[in-house]
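Q: I'd like to go over a predicted model; first the sequence, then the structure.
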Amino acid sequence: MALHTELPIHRTGVQLLTLAVKAQEQMPRGVKRHLGDKLSHHCMEMLDRMALANATQQRERAMHIAELLKHQRAATVLLRVGHDARYISTSVWSAAVQLLDSIGKQGGGWLKKSSNLAPAA
């Protein structure tokens, strides 16, 4: 088993967290505390779930990956709201959306692979 920090999904997650911090810096003070903090929190939770999924097997792994994808969807919504309200620049938003899409695809593939490994009930 590889270290979670060596996984492509983890590297993508770190890039996303970096962009989330950059987006948070662009936000006005009142919005930064609410929208920005939640966005960063979801990105950190995704990284945590990646590490937990890498350290577990079968059903427990699938549970962590499902949680990862839940946080990915929440971060997508927060980014969309921030961009629509013009708190986040288009360049940061588009880069973040690409990273979120990549995390979703990698997480979905990981979940499918984990589900196939589980013994039939």
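A: Structure received. Numbering: from 1, shown residues only.

Q: Show me where this structure has its helices.
A: Using DSSP state H, the helices of the chain run over residues 8-26, 29-31, 37-55, 58-84, 90-117.

Q: Let me have those in TSV, extended by mean neighbour count and mean pLDDT.
A: To be clear about C-beta, it is placed using only N, CA and C from the backbone, and glycine gets the same treatment. Shown next, in TSV, are the helices of the chain (neighbours: other CB atoms under 10 Å; pLDDT from 0 to 100):
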stretch	mean neighbour count	mean pLDDT
helix 8-26	19	94
helix 29-31	11	89
helix 37-55	20	95
helix 58-84	18	95
helix 90-117	16	91
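
Q: list the contacts for Leu111?
A: Ala62, Ile65, Ala66, Leu69 (CB atoms under 8 Å, 6 or more residues apart in numbering).

Q: One more: Gly30?
A: Counting by CB under 8 Å, 6+ apart, there are no residues that Gly30 touches.

Q: Please apply the same query to Glu60.
A: Going by CB under 8 Å, 6+ apart, Glu60 touches no other residue.

Q: repeat for Thr90
A: So Thr90 contacts His83 (CB under 8 Å, 6+ apart).

Q: Can you verify my assumption that Gln15 contacts Leu99?
A: Yes: Gln15 is within contact range of Leu99, at 5.6 Å (criterion: CB atoms under 8 Å).
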